[in-house]
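Enquirer: test case, fold it:
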Amino acid sequence: MVEIKLPGEDALKEVIGGGRGALRRMFGPALSEFGEMLGDRMKVWRFSNLLRLRDKIDRIAADRNVPPELFTALPFGDAMRTIEAASQEDDDDVQQLWAQLIVRATTQSERPSINKLHIEILRSLGPADSALLELLYPSITTRVFRTKAEVAEFNTAMDAKAEARWRQFSDDERGVSIQNLIRLRCITATPRMFYADGVLKRFLDRERHISGALIDELKFQEMLSRLLSLIYQASGAVEYETKNPIPLHYQNAWSVGHGAFGQITVPEFNHMLTPLGIEFMKAVTLDTSATEPDSGA
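Expert: A predicted model of the protein is given here:
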């Protein structure tokens, strides 16, 4: 008689039995406990996802020469929460972020843990979300430009990076992704310098020895219109005018005052990472040496 096996049945038996390799070391008994909670068809799908995740973890460990004994088991609660969320992800790009989060958490400390908020963020991400986060990280606010040539080099590099992945998604997918990341408070609108040049005009009455300033009505209306437009754009109610570059002032993009030093012409940088977005990206990034801010020294 021919034996009929469900797709992934071997994977299912392996994981319910406690798994092997890095997966067993990281999650321990939580893996078997989790397996008993699911129905057969869901078990096959979710544990197949976990085994693909395990392969990515093993590949990271091999590429970085991480010995097995360096992995430290997560606390039971963290392990269960991570397994529950990660097993529902079947997209390769997002799985890679899960793998990096787990490897970093289980090899960077004697008391490993995974922030609950990072789990909630990661389970809410799609492939377009991960592409935009990786494009915007590290934060543009940490970057110091010393010459116009550096600004031009940055624009060229970021344009190429955006074309390679983020811009491969459709306009609708990118629009939804931006709104999702704003909802998760991982990105926000990049602040722009706002000037009120010309709103006040000087007057001088020599006969009565009076001088002062009056509001130019048209300039004031133009200023309010620009301000309202920026508010709408920052809230996500309308899209940024992508042809309108982001001016840099002095050597740092966020210095106060006149004196344009250059322009960021990559439209994606109309958004920037929030402090939460930065901390999340640190948690899922393995090579932190490449993401340290430039001190300007």
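Enquirer: so where's the stretch 51-200 of the chain uncertain?
Expert: 109-110 (pLDDT under 70).
Enquirer: return the set of buried residues in the top helix by length along the chain.
Expert: The longest helix of the chain (DSSP state H) is helix 40-63. Buried residues in helix 40-63, counted by 16 or more other Cβ atoms under 10 Å: 43-44, 46-54, 56-58, 60-61. Backbone N, C-alpha and C define where each C-beta goes, glycine included.
Enquirer: could you give me the buried positions within the host helix or strand of A162?
Expert: Here A162 sits within helix 148-164, counting by DSSP states H and E. With burial defined by 16+ other Cβ under 10 Å, the residues of helix 148-164 counted as buried are 150-151, 154-155, 158, 161-162.
Enquirer: check stretch 73-81 too.
Expert: 73-74, 78-81.
Enquirer: what does stretch 211-230 give?
Expert: M223.
Enquirer: what ranges does the stretch 51-200 of the chain have for its strands?
Expert: Using DSSP state E, counting those that start in this stretch, the strands assigned to the stretch 51-200 of the chain run over residues 187-189, 200-205.
Enquirer: most packed of those strands?
Expert: strand 187-189 (a mean of 19; mean count of other Cβ atoms under 10 Å).
Enquirer: which neighbours does that strand have in its sheet, and in what orientation?
Expert: strand 271-273 (antiparallel) (DSSP bridges).
Enquirer: return the distance of the partner strand from the chain's centre.
Expert: Centroid separation for strand 271-273 versus its chain: 9 Å, with Cα atoms, centre = their mean, to the nearest Å.
Enquirer: repeat for stretch 74-93
Expert: Distance, centroid of stretch 74-93 to centroid of chain: 19 Å (Cα atoms, centre = their mean).
Enquirer: same question, stretch 48-63
Expert: Computed by Cα atoms, centre = their mean, the chain-centroid distance of stretch 48-63 equals 22 Å.
Enquirer: kindly report the same for stretch 185-193.
Expert: 13 Å.
Enquirer: going forward, count from 650.
Expert: From this message on, residue numbering opens at 650, which makes the last subject stretch 834-842.
Enquirer: measure that stretch end to end?
Expert: Distance between the two ends of stretch 834-842: 22 Å, counting by Cα to Cα, to the nearest Å.
Enquirer: kindly report the same for stretch 787-802.
Expert: Here the two ends of stretch 787-802 are set 16 Å apart, with distance taken as Cα to Cα.
Enquirer: how far away from the center of its chain is it?
Expert: The answer for stretch 787-802 is 19 Å, by Cα atoms, centre = their mean.
Enquirer: what of stretch 837-845?
Expert: When C-alpha coordinates are averaged (Cα atoms, centre = their mean), stretch 837-845 and its chain have centres 21 Å apart.
Enquirer: report the buried residues of it.
Expert: Neighbour-count burial for stretch 837-845 [16+ other Cβ under 10 Å]: 837-839.
Enquirer: any idea how far I706 is from Y786?
Expert: 21 Å (Cβ to Cβ, to the nearest Å).
Enquirer: actually Q817, sorry about that
Expert: From Q817 to I706 the distance is 26 Å (Cβ to Cβ).
Enquirer: distance between stretch 726-744 and the chain's centre?
Expert: Per Cα atoms, centre = their mean, the centroid offset for stretch 726-744 relative to its chain is 17 Å.
Enquirer: compute the first-to-last residue distance for it.
Expert: End-to-end distance of stretch 726-744: 20 Å, with Cα to Cα as the criterion.
Enquirer: next, the buried residues of it.
Expert: Neighbour-count burial for stretch 726-744 [16+ other Cβ under 10 Å]: 727-732, 734-736, 738, 742-744.
Enquirer: the residue nearest to L830 when sequence neighbours are not counted bridge partners, please.
Expert: Nearest residue to L830 in three dimensions, chain neighbours excluded: I836, at 4.4 Å (Cβ to Cβ, 6 or more residues apart in numbering). For I836, the residues forming beta bridges with it (DSSP bridges) are L922.
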